[in-house]
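**Student:** coordinates only, sequence not included:
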């Protein structure tokens, strides 16, 4: 029983992080129908920049550079801001020129950006893991994570923090998209870009904003993920990125509550699968993929999605 | 479909809507080919002559090894070109099919013949030749299985499916130790032999690879110019219109995945016998991206494109290997790879050798409703 509870807690937490990245995928796909592979890498940059801001000194390009050594909360906010700007720049340089080109061109450009960012990170931070500093609020003086025990399930403060932050971010984002003018412009653009443009919506601005929000969310997830695993490394974005996309498809692409639901579900299924399936931990990364095959086969529109047009 | 009488020999088999041809004739139809044009055939002939003569001129094995690697990548890139270039669907896990072929032949020779039956594997030299086909077919089946779930949704999902599949195959190769020996890999795969005549020298293996490459290129260029190839191109250009014209798009897409995968599988068999040793580290994700960039660099939807892409890029890589900076920073390769993909897509989506056909299509705003949309866009952004 205790293991089941523990796995549920762990799965929910990872699921929250998937959900945060999935938001970017789902919003961008909803409007310009592009799988922005780079979100996985922006997530990785989020983790690195968070670390960079927290430590007193870091090695960049092999040279020691002094750093401000800010608190975790400030560091992750800075990471979100920096990565958000990166996301907008990427959209401007690599995707906007291709918006009316065939989808293949944009997809190849996206994978190119992803490869580029991964290797740039390797050039800047090195290919080794960079340790994540302890966060005083969540760590005891001895260096162990602060936690409380419910029944026989151990829940760390950091896990609670991750869930609270994710739920808050999701609620705010959902409110933003539902209630504000800009949110309405986003929804209109997702339905029909040209008609939205005719109604006076600045579609370019909307798309840039989508990348801004998606990238910031990805960076938030990255900073939290780094905190959970106590490290950042250049290839860390690949699997979470892939899984977040699967989570977005699971929830229904283009749907923000769907991304949240899909992320949580994927996180939990993955945690339970790797604990209870034979050889589950080795094949952990295959579980998401099997889920993708199942959704595409039985419910391509996702759990909460209404329609997926097959227009080529 | 033959071209007009005056340009029959330039195989201007434009397969698009009739209006296409009338608009472009007569000069352009020489350029618009579903695959190769005269100038490209000359290029291929020159390259072939070099490929045959060069091994006798250079003494060092380093050159021969490089050329063998180039030949392998030519086949891989040409196979991927079927899916990406001719059918217009993105496959990001192509190296998985290559791995399937390589592991298939390794397992048959090592685990089955040598370990299970304890026979002398040299007596089964003929199996190698059969395995080229069987390994290819295994990969083709995998391609269909992976592609099938994506048929109901948009083609982009294939990118994610194949990306995931590429990783799954690698994870399987790493963890299914009983079958694949995990990270340590399988060694002792015999060199290819023919009636007791073993191909042991680098040069002979190179020529076998070259022969396979020629066979593959010839086959691909024939398929691409057949009814099947025209169906693929139609799907690439406009899937809805293709379906309306009576093309069974699902079937042709599956055929495209299968054909593309076949060549990777067959080449995987060659790779296994060539190196005598395989391990999961040969089939990393980066390899898939590398093969993709060869296609994009040379020119998608073009027979000569991947050939040129493979020669240029692999040659460049080899040349750069001598630089201490590159040796110390292997990530510069990845940076170059990513940059090439983005810059090519933005500035020259047709690659080094673009067919005019692809160029017309890749031009922003050339697609059906996109023309109208672009106008709206330019108005909106003002």
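**Tutor:** Now that the structure is in, tell me what you want to look at. Since the model is a prediction, treat every value here as computed from it, not as a measurement.
**Student:** which residue ranges of the stretch 1-150 of chain A form strands?
**Tutor:** Under the criterion DSSP state E, counting those that start in this stretch, the stretch 1-150 of chain A contains strands at A:57-60, A:63-66, A:130-131, A:147-150.
**Student:** right, so the ones you listed: which one is the most enclosed?
**Tutor:** Mean neighbours per residue, mean count of other Cβ atoms under 10 Å in any protein chain shown, is largest over the strands of the stretch 1-150 of chain A for strand A:130-131, with a mean of 16. C-beta coordinates here come from the backbone N, C-alpha and C atoms, glycine included.
**Student:** quick revisit: mind putting the strands of the stretch 1-150 of chain A in JSON lines, distance to residue B:136 and mean pLDDT included?
**Tutor:** As requested, the strands of the stretch 1-150 of chain A are exported to JSON lines (distance: least, Cβ to Cβ, whole Å; pLDDT from 0 to 100):
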{"stretch": "strand A:57-60", "distance to residue B:136": "47", "mean pLDDT": "85"}
{"stretch": "strand A:63-66", "distance to residue B:136": "50", "mean pLDDT": "85"}
{"stretch": "strand A:130-131", "distance to residue B:136": "43", "mean pLDDT": "90"}
{"stretch": "strand A:147-150", "distance to residue B:136": "54", "mean pLDDT": "83"}
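**Student:** for residue A:25, which of the ones you listed is the nearest?
**Tutor:** strand A:130-131 (25.6 Å; Cβ to Cβ).
**Student:** report all helices and strands that that closest one contacts.
**Tutor:** Using 3 or more Cβ pairs under 8 Å, 6 or more residues apart in numbering or on different chains; DSSP states H and E, the elements in contact with strand A:130-131 are helix A:38-54, strand A:231-232.
**Student:** give the partner strands of it in its sheet and their orientations.
**Tutor:** strand A:231-232 (antiparallel) (DSSP bridges).
**Student:** surely residue A:96 meets residue A:204?
**Tutor:** Yes - between residue A:96 and residue A:204 there is a contact under Cβ atoms under 8 Å: 7.3 Å.
**Student:** common neighbours of these two, please.
**Tutor:** Listed as contacting both residue A:96 and residue A:204 by Cβ atoms under 8 Å, 6 or more residues apart in numbering or on different chains is no residue at all.
**Student:** which of the helices and strands packed on strand A:130-131 sits most buried?
**Tutor:** It is helix A:38-54: most buried of these by mean count of other Cβ under 10 Å, with a mean of 29.
**Student:** how about CSV for the helices and strands packed on strand A:130-131, with mean pLDDT added?
**Tutor:** Below are these laid out as CSV (pLDDT from 0 to 100):
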stretch, mean pLDDT
helix A:38-54, 94
strand A:231-232, 92
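**Student:** switch the strands of the stretch 1-150 of chain A over to TSV; also include distance to residue B:150.
**Tutor:** As requested, those are exported to TSV (distance: least, Cβ to Cβ, whole Å):
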stretch	distance to residue B:150
strand A:57-60	41
strand A:63-66	45
strand A:130-131	37
strand A:147-150	42
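**Student:** tell me if whichever strand or helix holds residue A:188 is near chain B.
**Tutor:** Using DSSP states H and E, residue A:188 sits in helix A:181-191. No - Helix A:181-191 lies out of reach of chain B by Cβ under 8 Å from any Cβ of the partner chain, never closer than 10.3 Å.
**Student:** from the contact counts, what lies against that helix?
**Tutor:** helix A:2-32, helix A:157-179, helix A:193-198, helix A:203-229.
**Student:** which of the ones you listed sits closest to residue A:69?
**Tutor:** helix A:203-229 (15.6 Å).
**Student:** any part of that closest one near chain B?
**Tutor:** Yes - judged by Cβ under 8 Å from any Cβ, helix A:203-229 and chain B are in contact via A:203, A:204.
**Student:** residues of that helix that come out buried?
**Tutor:** Within helix A:203-229, the residues scored as buried using 16 or more other Cβ atoms under 10 Å in any protein chain shown are A:203-204, A:206-228.
**Student:** got any ranges where the stretch 1-150 of chain A has weak pLDDT?
**Tutor:** A:1 (pLDDT under 70).
**Student:** one more time with 80
**Tutor:** A:1-2, A:140-144 (pLDDT under 80).
**Student:** does chain A sit close to stretch B:309-319?
**Tutor:** No - figure legend: stretch B:309-319 not in contact with chain A (Cβ under 8 Å from any Cβ); closest approach 13.3 Å.
**Student:** contacts for that stretch next, please.
**Tutor:** By Cβ under 8 Å, 6+ apart, stretch B:309-319 touches B:47, B:66, B:69-70, B:73-74, B:76-77, B:290, B:293-299, B:333, B:351-352.
**Student:** can we see that at 10 Å?
**Tutor:** Residues outside stretch B:309-319 that contact it (Cβ atoms under 10 Å, 6 or more residues apart in numbering or on different chains): B:47, B:50-51, B:62-63, B:65-67, B:69-78, B:81, B:213, B:290-300, B:302, B:326, B:333, B:336-337, B:340, B:351-353.
**Student:** surely residue A:91 meets residue A:213?
**Tutor:** No - in this structure, residue A:91 is not within contact of residue A:213 by Cβ atoms under 10 Å, at 11.7 Å.
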